[in-house]
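>>> Fold the following and give me the result.
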Amino acid sequence: MRIELRSKLIDAAEYDASQLRLKLFLTNGQIREFVDVPAHEIDALAAARSPGSYYLKSIKDRYQPSTAA
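Numbers count the residues shown, from 1 in each chain. Presented below is the predicted three-dimensional model:
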């Protein structure tokens, strides 16, 4: 599933529910990928008033980065 986001920090997010992987496409061209991310996080990210703030508070330091990112 890919979601386009309205954010100064994040352009889009992709979520692979079968592998619990979240991939974020940042506005600066970087890609961040996290593993073992539950599905509720992508829903909350998409619904957040500020997806960038949600990412910084609830995802960035909470979930392990993928070594493939």
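
>>> which ones are touching the closest residue to residue 64 other than its chain neighbours?
Among residues not flanking residue 64 along the chain, residue 35 sits closest, at 5.4 Å (C-beta to C-beta, 6 or more residues apart in numbering). Heads up, the C-betas are built off the backbone N, CA and C, glycines and all. Taking C-beta atoms under 8 Å, 6 or more residues apart in numbering as the contact definition, residue 35 lies against 19, 20, 21, 63, 64, 65, 66.

>>> How about residue 19?
Contact partners of residue 19, counting by C-beta under 8 Å, 6+ apart, are residue 35.

>>> Would you agree it falls within a helix?
No: going by DSSP: H, G, I helix; E, B strand; the rest coil, the assignment for residue 19 is coil, not a helix.

>>> how near is it to residue 57?
Here residue 19 is placed at a distance of 24 Å from residue 57 (C-beta to C-beta, to the nearest Å).

>>> Can you tell me the centre-most residue of this protein?
Centroid-nearest residue in the chain: residue 24, 4.4 Å away (criterion: C-alpha atoms, centre = their mean).

>>> partners of the strand or helix carrying that one in the sheet?
Counting by DSSP states H and E, the element that carries residue 24 is strand 21-26. Applying DSSP bridges to the sheet, strand 21-26 is found paired with strand 10-16 (antiparallel), strand 31-34 (antiparallel).

>>> among those strands, which is nearest residue 45?
strand 10-16 (6.0 Å; C-beta to C-beta).

>>> CA-only coordinates of the strand holding residue 24 in CSV, if you can.
Taking C-alpha atoms only, strand 21-26 is exported to CSV below (Å, rounded to 0.1, in the frame of the first residue of the first chain):
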residue,chain,number,x,y,z
ARG,A,21,7.8,-2.9,6.7
LEU,A,22,7.3,0.8,6.5
LYS,A,23,9.2,2.7,3.9
LEU,A,24,9.1,6.5,4.0
PHE,A,25,10.0,8.8,1.1
LEU,A,26,11.3,12.0,2.5
